[in-house]
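1. Got a predicted model here, sequence first, then my questions.
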Amino acid sequence: MEPNLIVNLAAAAVFGAIAAYILVLTVRQAHGRAMMARLAESEQQLLGYRIQDLIERSRFERMREELSWGGWRKFEIAQRVDEGGDVCSFVLAPHDKRLLPPFMPGQYLTFQLKLPGQTKPAVRCYSLSDAPATEGYRISVKRQVPPRDETKADVTKSSSNWLHSTVREGDILDVKAPSGHFFLDPSQHQPVVLIGGGVGITPVLSMLNTLVARDSEQEIWFFYGVRNGREHIMKEHLERIANEHLNVRMHVCYSDPEETDREGKDFQHKGRIGVDLFKKLMPSNNYDFLFCGPPPMMTSLYEGLHEWGVPDKHIHFEAFGPASVRRVGQATQSQAEPSVAPKNFEIVFARSGKTVAWSGEFDSLLDLAEANGIPMESGCRAGNCGTCVAAVKFGDVSYAITPGYPRESGTCLTCCSVPKSNLTIDA
């Protein structure tokens with residue numbers, strides 16, 4: 001081969017290598033610029049979300065401050081809807097026609113109900129079951145059949161039965177502004193798992209409705225557990241959400257399905273809601289879990305999530321009725337302090353001017369007050385709503401359950417506390 005040809009070939013190889021190197025650099029630079037552009041676009045989008053969230057939060061707080069009210073306000077029953085499963089929804093419109101303040105999805109309303117045969121109004125709390133609106137609120141109440149022994153009838157059951165059987169469209173009820181510490185912050189964009197058992201669906205349904213009303217694109221898992229199709233409420237509504245919003249994973253569980261209930265059509269899973277099911281369906285435990293339901297479900301879910309490694313700060317719940325879920329690190333009464341043998345403590349109700357004896361025959365200070373004709377407000381009777389809070393002027397109390405409502409120093413929740421000593425409370 002001629003020397004000149006060898007040199008030319010070598011030069012061509014070198015130039016080719018240089019050209020290839022330059023091409024690689026150019027591609028890498030272009031790829032890097034594209035990545036930087038996408039990163040900048042993502043950061044700009046995230047900044048936009050944060051700015052929008054701040055604007056919405058400011059607007060929310062301003063409207064809540066301007067439109068909220070103290071004490072009782074008259075509301076008219078604008079609509080009654082039979083949801084099946086012994087659940088009825090009541091749409092409430094303000095009698096004064098003024099706009100309503102927004103609420104955080106998951107919160108509840110407190111009602112003052114004038115029940116027949118009762119010497120004083122019953123104060124009860126019912127979760128809001130829809131997205132916030134300025135024209136009206138909605139609650140969904142399950143009828144509780146009174147016990148056969150009417151002498152031990154639960155006023156809560158009487159209240160729900162009275163709402164179902166007596167309250168009609170056009171009737172007026174006294175209502176306090178929305179409140180409660182179990183709620184979803186709609187401005188957050190993290191993946192969430194919403195879980196409702198039985199009528200405990202109401203607060204998490206409010207959360208779901210709020211998110212889909214905002215056209216949220218975040219990952220949403222929704223679990224709903226009932227015994228069978230006869231107890232399955234909001235069925236068409238939930239199916240429509242699942243069909244129209246691809247980011248919502250809808251899972252309905254029947255623990256005791258009937259022959260007419262079709263798996264895969266009416267429900268997705270036979271059995272109870274639990275962490276074992278979550279492990280089968282979900283890619284990880286990196287979610288915020290919010291749930292409400294009957295006591296066994298609540299306890300099982302909390303303990304299972306904790307064992308699965310879900311941080312306590314990502315577990316949010318609300319018990320209803322005489323139930324409480326003890327978080328890890330919270331001591332029970334027996335763990336926190338030595339049990340006190342029943343004694344004839346002297347309980348002074350300062351505002352009422354009555355002094356009565358405590359010997360351990362009542363379950364709470366609220367029960368003692370009611371048995372002695374001392375008027376006290378109460379709501380959930382489970383330590384969650386704070387309606388029964390009273391200032392402690394002298395002495396101390398202990399709790400048979402761990403209240404969900406945050407307790408301030410110098411106060412007690414009379415619905416679930418008992419005296420540890422002679423006691424004076426402002427009631």
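-> Sure thing, it's come through.
2. Confidence-wise, which helix or strand of the chain is lowest on average?
-> helix 333-336 (a mean of 37; mean pLDDT, DSSP states H and E).
3. Scan this protein for its longest strand.
-> Using DSSP state E, we find that the single longest strand of the chain is strand 73-84.
4. show me where the stretch 51-200 of the chain has strands.
-> 73-84, 87-94, 108-113, 122-127, 137-142, 172-175, 192-197 (DSSP state E, counting those that start in this stretch).
5. and what of the stretch 251-400 of the chain?
-> Under DSSP E, counting those that start in this stretch, the stretch 251-400 of the chain gives strands at 269-270, 288-293, 315-319, 345-349, 354-358, 389-394, 397-399.
6. Dump these to CSV, plus mean pLDDT, distance to Thr134 and mean neighbour count.
-> Bear in mind the C-beta positions are built from the backbone N, C-alpha and C, glycine included. As requested, the strands of the stretch 251-400 of the chain are exported to CSV (pLDDT from 0 to 100; distance: least, Cβ to Cβ, whole Å; neighbours: other Cβ atoms under 10 Å):
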stretch, mean pLDDT, distance to Thr134, mean neighbour count
strand 269-270, 97, 38, 15
strand 288-293, 96, 24, 24
strand 315-319, 85, 25, 22
strand 345-349, 94, 40, 19
strand 354-358, 93, 44, 15
strand 389-394, 94, 29, 16
strand 397-399, 89, 38, 19
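7. Looks like Cys412 contacts Gly386 (just checking).
-> No - using Cβ atoms under 8 Å, Cys412 is not in contact with Gly386; the gap is 11.1 Å.
8. If you count surrounding residues, which of the two has more?
-> Cys412 (27 against 22; other Cβ atoms under 10 Å).
9. Excluding chain neighbours, what is closest to that one?
-> Excluding its sequence neighbours, the residue lying closest to Cys412 (Cβ to Cβ, 6 or more residues apart in numbering) is Val397, at 4.6 Å.
10. any idea how far the one you found is from Asn422?
-> According to Cβ to Cβ, to the nearest Å, Val397 and Asn422 sit 11 Å apart.
11. Report the contact partners of Lys393.
-> 350, 424-426 (Cβ atoms under 8 Å, 6 or more residues apart in numbering).
12. try it again with 10 Å
-> 348, 350, 410, 423-427 (Cβ atoms under 10 Å, 6 or more residues apart in numbering).
13. Please pick the buried ones from those.
-> 348, 423-425, 427 (16 or more other Cβ atoms under 10 Å).
14. Mind checking which of those residues are in strands?
-> 348, 423-425.
15. Out of these, which is nearest to Arg262?
-> Nearest to Arg262, judged by Cβ to Cβ, of these is Ile425 at 55.5 Å.
16. was I right about the closest one contacting Ala391?
-> Yes - at 6.7 Å, Ile425 counts as touching Ala391 under the criterion of Cβ atoms under 10 Å.
17. Which neighbours do those two have in common?
-> 350-351, 411-412.
18. which one of the residues you listed is nearest Leu109?
-> Nearest member of the shared contacts of Ile425 and Ala391 to Leu109, counting by Cβ to Cβ, is Thr411, at 22.8 Å.
19. Could you give the number of residues near the closest one?
-> 16.
20. In contact with it, which residues are there?
-> By Cβ under 10 Å, 6+ apart, the neighbours of Thr411 are 386, 389-392, 397, 417, 425-426.
21. switch the cut-off to 7 Å
-> 389-392 (Cβ atoms under 7 Å, 6 or more residues apart in numbering).
22. Just flag the most distant two among these.
-> Counting by Cβ to Cβ, the most remote pair of these is Val389 and Val392, 10.1 Å apart.
23. how does the chain divide into domains?
-> 1-29, 73-146+153-175, 192-319, 336-425 (automatic domain parsing).
24. could the ones you listed go into CSV alongside distance to Met35?
-> Output for the domains of the chain, formatted as CSV (distance: least, Cβ to Cβ, whole Å):
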stretch, distance to Met35
domain 1-29, 10
domain 73-146+153-175, 38
domain 192-319, 23
domain 336-425, 46
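25. out of those, which comes closest to Arg59?
-> domain 73-146+153-175 (8.8 Å).
26. Give me the mean pLDDT for that closest one.
-> Across domain 73-146+153-175, the average pLDDT comes to 91.
27. for the closest residue to Gly293 other than its chain neighbours, what are its contacts?
-> Nearest non-adjacent residue to Gly293, counting by Cβ to Cβ, 6+ apart: Gly197, 2.5 Å away. Shown in contact with Gly197 (Cβ under 7 Å, 6+ apart): 225, 273, 293-294, 297.
28. And the helices in the stretch 201-350 of the chain?
-> For the stretch 201-350 of the chain, applying DSSP state H, counting those that start in this stretch gives helices covering 201-213, 235-244, 275-281, 295-307, 333-336.
29. and Arg240, how many neighbours?
-> Going by other Cβ under 10 Å, the residues that sit close to Arg240 add up to 12.
30. Asn384 - how many residues pack around it?
-> 25.
31. Please spell out which residues along stretch 295-312 are buried.
-> Within stretch 295-312, judged by 16+ other Cβ under 10 Å, the buried ones are 295, 297-302, 304-305, 310.
32. got it, and stretch 136-146?
-> Buried, per 16+ other Cβ under 10 Å, within stretch 136-146: 137-144.
33. Leu277 and Ser255 touch, don't they?
-> No - counting by Cβ atoms under 7 Å, Leu277 stays clear of Ser255, with 11.9 Å between them.
34. on that earlier part again, which one of the contacts of Thr411 is nearest Leu246?
-> Val389 (44.3 Å).
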